[in-house]
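[1] Mind folding the following:
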Amino acid sequence: MERELERLRTSFEAAKSDGYTRFIMFLHYPPTNILEKRSGFTDMAEAYGAEQVVYAHCHGQSRFHDSIEGRFHGIEYRLVSGDYLVWNPARLM
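    Sure thing, here's the model as predicted:
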C-alpha cells in the first residue's frame, strides 16, 4: 500500500508542477476496505483536492458496498466495476 501511495503522490505532484489544479483520482482497488471510513488514499484525495475518486475491483453484488460510495468529506466516490454498472459506462464529468 505504501508503494501505491507514493506512486499516487508522485502523480499528483507531477500534475501540479504542470499547472493542473483540478483532479479526478483513479484507482483499480477501492480506496478503503469494508471496515474503514478513512485510509491513506482518502487522506491523499483530500490533501490534493480531488473532486472524484473512481475505482473498480468490487465484483458481484455481495462486494459492491465494500468501500465508500457517494460524497465523503466533499469528494465524490464512484464504483465503476462493469457488473456494478450493468455494463453501462458511467459519465464522470
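
[2] By mean pLDDT, which helix or strand of the chain comes out lowest?
    Using mean pLDDT, DSSP states H and E, the weakest-scoring helix or strand in the chain turns out to be strand 70-72, at a mean of 94.

[3] Packing partners of the following helix or strand past it?
    Per DSSP states H and E, the first helix or strand lying C-terminal to strand 70-72 is strand 75-79. When contacts are defined as 3 or more C-beta pairs under 8 Å, 6 or more residues apart in numbering; DSSP states H and E, strand 75-79 sits against helix 40-47, strand 50-55, strand 70-72. Quick note: C-beta positions are derived from backbone N, CA and C, even for glycine.

[4] mind redoing it with 7 Å?
    strand 50-55 (3 or more C-beta pairs under 7 Å, 6 or more residues apart in numbering; DSSP states H and E).

[5] for the strand it packs on, which positions count as buried?
    Going by neighbour count (16 or more other C-beta atoms under 10 Å), the buried part of strand 50-55 is 50, 52, 53, 54, 55.

[6] what do you get for stretch 27-45?
    Buried, per 16+ other C-beta under 10 Å, within stretch 27-45: 27, 30, 31, 32, 39, 40, 41, 42, 44, 45.

[7] Output that stretch in CSV with nothing but the alpha carbons.
    Listed next in CSV are the C-alpha coordinates belonging to stretch 27-45 (Å, rounded to 0.1, in the frame of the first residue of the first chain):
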residue,chain,number,x,y,z
LEU,A,27,-7.7,3.6,-8.6
HIS,A,28,-8.0,0.0,-9.5
TYR,A,29,-8.8,-1.1,-5.9
PRO,A,30,-11.3,0.6,-3.6
PRO,A,31,-9.8,3.4,-1.5
THR,A,32,-10.9,1.7,1.7
ASN,A,33,-12.0,-1.7,2.9
ILE,A,34,-15.3,-2.7,4.4
LEU,A,35,-14.1,-1.8,8.0
GLU,A,36,-12.6,1.7,7.1
LYS,A,37,-14.0,5.1,6.8
ARG,A,38,-10.6,6.6,6.0
SER,A,39,-7.3,5.4,4.5
GLY,A,40,-4.1,6.8,3.1
PHE,A,41,-6.0,7.1,-0.2
THR,A,42,-8.9,9.1,1.2
ASP,A,43,-6.4,11.3,3.0
MET,A,44,-4.4,11.9,-0.2
ALA,A,45,-7.6,12.7,-2.2
